[in-house]
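[1] sequence-free structure coming up:
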């Protein structure tokens, strides 16, 4: 399957227009039509209806495969380019907001750093495709258990931090005076669905064997101040690393007592590190060892 044809198909399906895809890709509309026809001939299946432009059942299935296939190709190119390139004097670090603790920030050089706060799903892809030198990914895990990463490319991971987690409650919440909370007792509570700022509800469901954890409000941003303000004003509960949850105005952070879960942070990179990336990675791993971490 020709990746150029596949990229054209993804653009047409995403934009629902041959002409818009042609403008986006810098092709003529005739070339786009020829690409789609060639791909359909190669696969022996119709991929798009024309009026309106929508994927067929076979086209929908191809879209499921297309994103990881194209990402793998980009990752392979970036890996080879990275091996041949001279070390860069700067550093680009991609991280989730809750991975950026004081220890991480202290490990960064005084200058030459670009820090990108990204959604969790974007961290491995950014590292694999070379748009970030290092990634910091976090999530819920049993103590010392590694996080599950999407299979986007061969990546190296190192655990660089683990800490307790806490439920963030409004100050007047009936459970705010508890010394600890069991996650199973909160499955039917109102939660904030903030997959890129808080610890994701999907991970809570997995940890309790599929509890409800109904979302009262969805927040699609990465700003922790907005998230904690939503919790303080009673829009829903959220689960955060203990250091992040403690001291938020208008809230009480109650540690999670069961199940035994931790907030885990992992360093993610591809290939062999050099320059500033190698130095920062060494500092992060050294800090983790000194703290008795993973």
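    That came through, no problem. Keep in mind it's a predicted model, so treat the numbers as computed, not measured.
[2] in this protein, what secondary structure element scores lowest on mean pLDDT?
    Using mean pLDDT, DSSP states H and E, helix 57-84 stands out as the lowest-scoring helix or strand of the chain, at a mean of 81.
[3] Following element in sequence after that one, please.
    strand 91-95 (DSSP states H and E).
[4] ok, and for the least confident helix or strand of the chain, which residues are buried?
    Using 16 or more other C-beta atoms under 10 Å as the test for burial, helix 57-84 gives 59, 62-63, 66, 71-72, 74-75, 78-79, 82. Quick note: C-beta positions are derived from backbone N, CA and C, even for glycine.
[5] and the gap between the residue most central in space within the chain and residue 173?
    With distances taken as C-alpha atoms, centre = their mean, residue 120 lies nearest the centre of the chain, 1.2 Å away. Using C-beta to C-beta, to the nearest Å, residue 120 is found at 27 Å from residue 173.
[6] Find the nearest non-adjacent residue to residue 259, please.
    Spatial nearest neighbour of residue 259, excluding adjacent residues (C-beta to C-beta, 6 or more residues apart in numbering): residue 207 at 5.8 Å.
[7] Tell me if I'm right that the one you found and residue 145 touch.
    No: using C-beta atoms under 8 Å, residue 207 is not in contact with residue 145, being 11.4 Å away.
[8] in stretch 14-21, what's buried?
    Residues of stretch 14-21 classed as buried by neighbour count (16+ other C-beta under 10 Å): 15, 17-18, 20-21.
[9] Ok, stretch 235-246 next?
    So stretch 235-246, judged by 16+ other C-beta under 10 Å, has buried residues 235-245.
[10] The residue nearest to the centre of the chain sits in which helix or strand?
    Judged by DSSP H and E, residue 120 forms part of no helix or strand.
[11] Which neighbouring residues are in contact with it, exactly?
    Residue 120 is in contact with 96, 137-139, 195-196, 200, counting by C-beta atoms under 8 Å, 6 or more residues apart in numbering.
[12] Please identify which pair of those residues lies farthest apart.
    Farthest-apart pair in the contacts of residue 120 is 137 and 195; separation 13.1 Å (C-beta to C-beta).
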